[in-house]
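Trainee: predicted coordinates and the sequence they were generated for:
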Amino acid sequence: MNEKIADLLFPNIDKTPEYYEKMYPKRNLAADAMVTRYGPSPTGSVHLGNLFSAFCDMIYARQSKGVFFLRIEDTDQKRAVEGGIENITSVLKGFSINPNEGYSIGGDYGPYKQSERTEIYQTYVKDLIRRNLAYPCFMTEEEIKEIKEEQAILKVKIGLYGHYATDRDLSYDEIKEKLDNGEEYVICLKSPGNPENIIEVKDCIKGKLKFPEHNIDTIILKKDGTPTYHLAHVIDDHLMHTTHVIRGDEWVSSLPLHIQLFEILGFTPPKYAHIAPITIKDSETGTIRKLSKRKDPWAGAKFYEESGIPIAALHLYLATIANTNFEEWYLKNQDKSIEDFEFTFEKQAIGGTSFDEAKLINICKTYFSRKKATEIYAETLNYALKFDPDYAQILKENKELMIEFLNIEKDGPRPRKDIAKYSDVKEEFSYAIDSLFKQENYSKLESDKDYDLSLLEKYIEIYNINDSKDEWFDRVKKFSLAEGYSDNVKEYKNNPDKYKGHVGDVCEAIRVMVTGRTKSPDLYEILRILGKDKIKERLELFRNYLN
RNA sequence: GGUCCGUUGGUGAAAGGGUUAACACGUAUGCCUCUCAAGCAUAUAUGUACGGGUUCAAAUCCCGUACGGACUACCA
């Protein structure tokens, strides 16, 4: 009887589950190797949360010498976005999150795109019908919706179960008649569960979870013959031999369903690790909510690339979110890299993880402070090539000069931390390139002090580019004294009436003249790299600005 | 309404019954100093959402309340 219904519904399915079981044999991996997967649906731009979850997939597979594969979950053609898949692969690549198997890469467990696996899903569904564990349901979407509304009013459990599941036991003849009438149908699970039973599921991150057993006749095949997420997840992760399903915790409540599906299909369920969402405190309402692409620029993956956050720094940040003890470890092991750290699910946050912009920026600054000038130059050029071609051209033409500037104060034990993003370089080193240094640079000055042009003119006369740093500063001090400025800040503070100012004021004037700012890296170095001629040019610019 | 999860400082958080609740970020002040950054030093929870209970002892275990989140789609 069920055999007949199965053949009636799926006349073209001639394969059996055994066929696929043979086709996708067990992976030849060490016992503790994790097989993880990232399963995005191509419905739009990539969210930081997606990236985070893919990052977790990658690190766990990598450190256990397992496999991390990419599977495109595109069973809903209505929501598909043009170019969505290409966008996903390019974003992953851009963020150095590299699956070692899967869509666009290849592997023995494909196809890795769910829309190409319809026959596989239907084979298993046909078998389920044969075994009386699934059935066709001819209710229309409207009818199902009405039932749910009614259930909401009655305050009972929502879904198809008990007497609500009217098509549960349709006979062959009844089904045949409806089919002949051209009625459309979906395939529902004939859930064998009893909600009185409590099942316990162990989540790698959240620990033991208890649920009532699943008893809803959930739709597993839509009327167009494609599977819903639940079925696709169970069949794919079984056939692809995923060992650890790492996914957002919005899936936790589907766990009883998924476990049940694994059971009735005769599969061993994988281990689950449900990761907490990345949250943020809403500045308007003060409440904590998920990071939103609409409201938070930091939520979109593209934003990081465009604003020039180094990928390695973002990885470091994601690692600090992933394992709460990573940050401390990294601080103590600065010579090591993410690969050397052993991530564990136990150290992963259970509740929401709040996005901390200040911390990300701090990590970025530390990242840059440890980079060599030549590396910063190369990476910045790379960034500019993509997002600021004009600046890229300038960088190319001034390679040696830029590297010299980027190298200021790099040697010492206390490297500067003033760059957080590639896009900061242009502004931070605005004084470095002559063609970019215009009179307008002075208008950004915060101080409206009067600077003594004649003092600067005199200073240029005594400036000697061959001075060592100490000689240079001695000369500045002597000059200050001669011009009526104290050569010692403390001395000036004790006797402010005796002087026009102190050596710091003299330096500030020089600094403003050459950089257009009151703050800058080491002044001696800047003057030396610029050279006397350029210093003179800056004086002229400054003169024009003041007049 | 139902099911499940969470709630420690300005922020991320550590601490799975036992001295003054780690560490990091941020902020503030001081030192250093030609400025800023960095570095160093100090400060920054009258107490772990609230209320009960268990215990010699609770942030840690139990119950209740409040608040927040997820799911309750022929979306994933």
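Mentor: Okay, I see it.
Trainee: lowest mean pLDDT among the helices and strands of chain A, which one is it?
Mentor: Ranked by mean pLDDT, DSSP states H and E, the weakest helix or strand in chain A is strand A:288-290, scoring a mean of 75.
Trainee: list the helices and strands it packs on?
Mentor: Secondary structure elements in contact with strand A:288-290, counted by 3 or more Cβ pairs under 8 Å, 6 or more residues apart in numbering; DSSP states H and E, are strand A:278-281. In this view, the C-beta of every residue, glycine as well, is placed from N, C-alpha and C.
Trainee: the strand it packs on: how far from the chain's middle?
Mentor: Taking Cα atoms, centre = their mean, to the nearest Å, one finds the center of strand A:278-281 at 14 Å from the center of the full chain.
Trainee: what packs against that strand?
Mentor: When contacts are defined as 3+ Cβ pairs under 8 Å, 6+ apart, strand A:278-281 packs onto helix A:48-63, strand A:288-290, strand A:353-354.
Trainee: show me what the first one is packed up against.
Mentor: Just to be clear, that refers to helix A:48-63. Helix A:48-63 makes packing contacts with strand A:35-38, strand A:67-70, strand A:244-248, strand A:271-275, strand A:278-281, helix A:301-307, helix A:311-322 when contacts are defined by 3+ Cβ pairs under 8 Å, 6+ apart.
Trainee: go through the ones you listed and pick out the most buried.
Mentor: Most buried of the helices and strands packed on helix A:48-63, by mean neighbour count (mean count of other Cβ atoms under 10 Å): strand A:35-38, with a mean of 26.
Trainee: can I get that one in CSV? Just the C-alpha atoms.
Mentor: Provided in CSV are the C-alpha atoms of strand A:35-38 (Å, rounded to 0.1, in the frame of the first residue of the first chain):
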residue,chain,number,x,y,z
VAL,A,35,34.2,17.9,9.4
THR,A,36,32.5,21.3,9.4
ARG,A,37,30.5,23.1,6.8
TYR,A,38,29.4,26.6,6.0
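Trainee: what mean pLDDT does it have?
Mentor: Per-residue pLDDT over strand A:35-38 has a mean of 96.
Trainee: okay, now the sheet partners of it, with direction.
Mentor: When pairing is defined by DSSP bridges, strand A:35-38 lines up against strand A:67-70 (parallel).
Trainee: quick check, the strand it pairs with touching RNA strand B?
Mentor: No: using Cβ under 7 Å from any atom of the strand, strand A:67-70 never reaches RNA strand B; the gap is at least 12.7 Å.
Trainee: pLDDT of that strand, averaged?
Mentor: Confidence for strand A:67-70, expressed as mean pLDDT, is 97.
Trainee: C-terminal to it, which secondary structure element comes first?
Mentor: Under the assignment DSSP states H and E, the closest C-terminal helix or strand after strand A:67-70 is helix A:84-94.
Trainee: hmm, A:Y19 is touching A:T123, no?
Mentor: Yes: between A:Y19 and A:T123 there is a contact at 7.4 Å, judged by Cβ atoms under 8 Å.
Trainee: so between these two, which is more surrounded?
Mentor: Taking other Cβ atoms under 10 Å, A:Y19 and A:T123 do not tie; A:T123 has more neighbours (21 against 11).
Trainee: can you tell me the element the more buried one falls in?
Mentor: Using DSSP H and E, A:T123 sits within helix A:118-130.
Trainee: tell me what that helix is packed against?
Mentor: So helix A:118-130, by 3+ Cβ pairs under 8 Å, 6+ apart, packs with helix A:2-9, helix A:17-23, strand A:134-137, strand A:186-189, strand A:219-221, helix A:229-239.
Trainee: go again with 6 Å.
Mentor: Counting contacts by 3 or more Cβ pairs under 6 Å, 6 or more residues apart in numbering; DSSP states H and E, helix A:118-130 packs against helix A:2-9, helix A:17-23, helix A:229-239.
Trainee: what does that helix contact?
Mentor: Helix A:118-130 is contacted by residues A:2-3, A:5-6, A:10, A:13, A:15, A:17, A:20, A:134, A:187, A:221, A:227, A:231, A:235 when judged by Cβ atoms under 6 Å, 6 or more residues apart in numbering.
Trainee: now, which of those residues sits nearest A:F437?
Mentor: Of all those, A:P227 has the smallest distance to A:F437: 61.9 Å, by Cβ to Cβ.
Trainee: so what's the residue count around that closest one?
Mentor: A:P227: 25 surrounding residues under other Cβ under 10 Å.
Trainee: next one: it, what pLDDT does it get?
Mentor: 96.
Trainee: number of nearby residues for the residue lying closest to it once chain neighbours are set aside?
Mentor: Closest residue to A:P227 apart from its sequence neighbours, by Cβ to Cβ, 6 or more residues apart in numbering: A:Y121 at 4.3 Å. When neighbours are defined as other Cβ under 10 Å, A:Y121 has 24 of them.
Trainee: and for A:N544?
Mentor: A:N544: 10 neighbours (other Cβ under 10 Å).
Trainee: quick one: buried residues of the host helix or strand of it?
Mentor: Assigned by DSSP H and E, A:N544 belongs to helix A:532-546. Using 16 or more other Cβ atoms under 10 Å as the test for burial, helix A:532-546 gives A:535, A:538-539, A:541-542, A:545.
Trainee: pLDDT weak spots in the stretch 251-400 of chain A?
Mentor: By pLDDT under 70, the weakly predicted segments of the stretch 251-400 of chain A are A:283-287.
Trainee: would you mind naming what in the stretch 101-250 of chain A lies close to RNA strand B?
Mentor: Proximity of the stretch 101-250 of chain A to RNA strand B (Cβ under 7 Å from any atom of the strand) is limited to residues A:139-141, A:144, A:148, A:152, A:155, A:157-159, A:184, A:186, A:206-207, A:209-212, A:219, A:222-224, A:226, A:228-229, A:249-250.
Trainee: domains in chain A, as residue ranges please.
Mentor: A:2-15+A:118-275, A:279-370, A:371-429, A:437-547 (automatic domain parsing).
Trainee: dump these to CSV, plus distance to A:L51.
Mentor: Below are the domains of chain A laid out as CSV (distance: least, Cβ to Cβ, whole Å):
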stretch, distance to A:L51
domain A:2-15+A:118-275, 12
domain A:279-370, 5
domain A:371-429, 17
domain A:437-547, 34
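Trainee: among the buried residues of helix A:532-546, find me the one that's closest to A:M240.
Mentor: A:M240 has its nearest neighbour among the buried residues of helix A:532-546 in A:R538, at 63.7 Å by Cβ to Cβ.
Trainee: grab the nearest non-local neighbour of that closest one.
Mentor: For A:R538, ignoring the flanking residues on the chain, the nearest one in space by Cβ to Cβ, 6+ apart is A:V514 at 4.9 Å.
Trainee: so that neighbour sits in a helix?
Mentor: Yes: counting by DSSP: H, G, I helix; E, B strand; the rest coil, A:V514 is part of a helix.
Trainee: spell out the secondary structure type for the closest residue to A:T166 other than its chain neighbours.
Mentor: If the residues on either side of it in the chain are set aside, A:T166 comes closest to A:M139, at 7.2 Å by Cβ to Cβ, 6+ apart. The three-state label given to A:M139 by three-state DSSP is coil.
Trainee: then A:Y377?
Mentor: Assigned with three-state DSSP, A:Y377 falls in the helix class.
Trainee: which non-adjacent residue is nearest it?
Mentor: A:I403 is the one closest to A:Y377 (Cβ to Cβ, 6+ apart), at 5.1 Å.
Trainee: now do A:S292: how many residues are near it, please.
Mentor: A:S292 sits with 13 neighbouring residues when counted by other Cβ under 10 Å.
Trainee: quick check on it: phi, psi?
Mentor: Backbone geometry at A:S292, expressed as degrees, to the nearest 10, gives phi -120, psi 130.
Trainee: where's the closest residue to it other than its chain neighbours relative to RNA strand B, distance?
Mentor: Leaving aside its chain neighbours, A:S292 sits nearest to A:A299 (5.8 Å; criterion: Cβ to Cβ, 6+ apart). Applying Cβ to the nearest atom of the strand, to the nearest Å, the value for A:A299 to RNA strand B is 13 Å.
Trainee: same thing with A:L395?
Mentor: To RNA strand B, A:L395 is 22 Å away according to Cβ to the nearest atom of the strand.
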